[in-house]
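>>> build me a structure from this.
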Amino acid sequence: MTAAAAIKPKRVLPGFSLSLGTTLLYVALVILIPVIALVLKGAEIGPARFWAIIAAPRTLAALRVTLTAAALATVFNAFYGLLMAWVLTRYDFPGKRILDALMDIPFALPTAVAGISLTALYSANGWFGAPLTGAGINVVYTLGGVILAMTFTSIPFVVRAIQPVLEDLDPAMEQAAMTLGARPFAIFRRVVLPAILPAWLAGSTVAFARSLGEFGAVVFIAGNLPFKTEIAALLAFIRLEEYDYQGAAAIALVLLLFALILLMISNLIQFRAARHLEAR
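Modelled structure (predicted):
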């Protein structure tokens, strides 16, 4: 072995073992240990007691409200996020940087502040709520308010997932399709959509998972009416206040299971989409 081959290349951040160990320790303390503790707490309940908690009418109603609102919010965010990412990447107009920065407000704004703001705006005497109430449309203390809060807090996940993919997409592919006589919709369906589909699915899935666990923004605008606007996260919190730790753990475990299933499905779809793109 020559001296030149024996010299190892220097890294900008030396100490792989230390860096990896620190990263794994952080993941274990912040993510793995709380999740494992939740699973163990749920395992202590027993199948019969666990099913009794989940099958209770109030729990089923809270899960139904949560899943329905999260699904509708995700559908809206999927299309609106795609449209917003397209506008931000394909057009130049005054105020573009401001609009781009506004997309990150739900990340920076505390969810409780977002909930209070939405309640003030859409209440019966609010700026937006007054004309809607006059038209017979109530937002606050309804399922629509829950959907609105979930939509606000999860919209950046879709926009920020699609935006970098659109920015890196080679415009020459679209121009070539245009010169071949393809219509705009055909170009989008055959050229743009296959490229952004994995990122689109990933952003929509994360947005859905974020909506499932939303608490701060929803609790103010929903009114927390059992069987009507009470979400699962709030019901788990109520069970904690009642010192019903098994009930809270069971509800939280169901939400965790939904989130894990969604992430697995999303990763599978992204993997197959990537394989399909490589095979083309």
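
>>> ok, and Lys76, which helix or strand is that part of?
Just so we're on the same page, residue 76 is Phe rather than Lys. In this structure, Phe76 is located in helix 57-90 according to DSSP states H and E.

>>> that helix packs against which elements?
Using 3 or more Cβ pairs under 8 Å, 6 or more residues apart in numbering; DSSP states H and E as the contact criterion, the elements in contact with helix 57-90 are helix 47-54, helix 96-102, helix 143-168, helix 193-212, helix 232-241, helix 245-279. All C-beta atoms are positioned from the backbone trio N, CA, C, and that covers glycine.

>>> same thing but at 6 Å, please
If contacts are counted by 3 or more Cβ pairs under 6 Å, 6 or more residues apart in numbering; DSSP states H and E, helix 57-90 sits against helix 143-168, helix 193-212, helix 232-241.

>>> how near is Glu241 to Ala52?
20 Å (Cβ to Cβ, to the nearest Å).

>>> between the two, who's got more neighbours?
For the pair Glu241 and Ala52, the greater number of neighbours falls to Ala52 (14 against 8), based on other Cβ atoms under 10 Å.

>>> ok, now how distant is that one from Phe208?
Counting by Cβ to Cβ, the separation of Ala52 from Phe208 is 28 Å.

>>> now Val113
Taking Cβ to Cβ, one finds Val113 at 23 Å from Phe208.

>>> which of those two has more neighbours?
Counted by other Cβ under 10 Å, Val113 and Phe208 do not tie: Phe208 has more neighbours, with 26 against 12.

>>> and the more buried one, what is it in contact with?
With contacts defined as Cβ atoms under 6 Å, 6 or more residues apart in numbering, the neighbours of Phe208 are 70, 74, 262.

>>> let's go with 8 Å and repeat that
If a contact means Cβ atoms under 8 Å, 6 or more residues apart in numbering, then Phe208 has 70-71, 73-74, 154, 262 as its contacts.

>>> need the worst-confidence member of the residues you listed.
Checking pLDDT across the contacts of Phe208, the minimum falls on Leu262 at 82.

>>> sorry, back to before: got JSON lines for the contacts of Phe208, with distance to Ile147 and neighbour count too?
JSON lines is the format used below for these (distance: Cβ to Cβ, whole Å; neighbours: other Cβ atoms under 10 Å):
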{"residue": "Ala70", "distance to Ile147": "9", "neighbour count": "27"}
{"residue": "Ala71", "distance to Ile147": "9", "neighbour count": "15"}
{"residue": "Ala73", "distance to Ile147": "5", "neighbour count": "25"}
{"residue": "Thr74", "distance to Ile147": "10", "neighbour count": "27"}
{"residue": "Ser154", "distance to Ile147": "11", "neighbour count": "27"}
{"residue": "Leu262", "distance to Ile147": "18", "neighbour count": "18"}
